[in-house]
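Chemist: Sequence below, structure please.
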Amino acid sequence: MTARLLLYIAVMAGVTYLVRMLPLMVFRRKIKSQFVQSFLYYVPYAVLGAMTVPAVFYATGDLISASVGLAAAFVLAFFGRSLLVVALTASGAAFMAELIIGWVK
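Modeler: Got it, this is the predicted structure:
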């Protein structure tokens, strides 16, 4: 290993440690603000959505089939279906849309 690689690893280890340690040091007492508590409650969902939704559009070969799968997922999730049903149906809808697009072209 080169010294540069070890430096990169050390810097990333430090950054990772700081990101995990700083909230514990800053917020030592219980958070009493309802606004901050509700904000922090939704942060994991917002981050997961921000990471997942853009990747959905690059998961298939065509934007149309990805949009069909996403629409199917939204509809089923809105009606309270389980995660497994939503995922399988969205995948199947995107697959069928890909077949139809390939057949039409």
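
Chemist: What lies in contact with the helix or strand encompassing residue 36?
Modeler: Following DSSP states H and E, one finds residue 36 within helix 34-56. If you take Cβ atoms under 8 Å, 6 or more residues apart in numbering as the criterion, helix 34-56 is touched by 31, 66, 69-70. From N, CA and C alone the C-beta is placed, and that goes for glycine too.

Chemist: let's see 6 Å
Modeler: Contacts to helix 34-56, defined as Cβ atoms under 6 Å, 6 or more residues apart in numbering, come from residues 31, 66, 70.

Chemist: low-scoring stretches of the protein, by residue?
Modeler: 1 (pLDDT under 70).

Chemist: show me where it has helices.
Modeler: With helices called from DSSP state H, the chain shows them at 3-26, 34-56, 63-78, 83-104.

Chemist: and among those, the most buried is which?
Modeler: The highest mean neighbour count among the helices of the chain, using mean count of other Cβ atoms under 10 Å, belongs to helix 63-78: a mean of 17.

Chemist: Can you pull out the residues in contact with that one?
Modeler: Residues outside helix 63-78 that contact it (Cβ under 6 Å, 6+ apart): 56-57, 59-60, 86, 89-90, 93-94, 97-98.

Chemist: again, only using 7 Å
Modeler: Contacts with helix 63-78, where a contact means Cβ atoms under 7 Å, 6 or more residues apart in numbering, come from 56-57, 59-60, 85-86, 89-91, 93-94, 97-98, 101.
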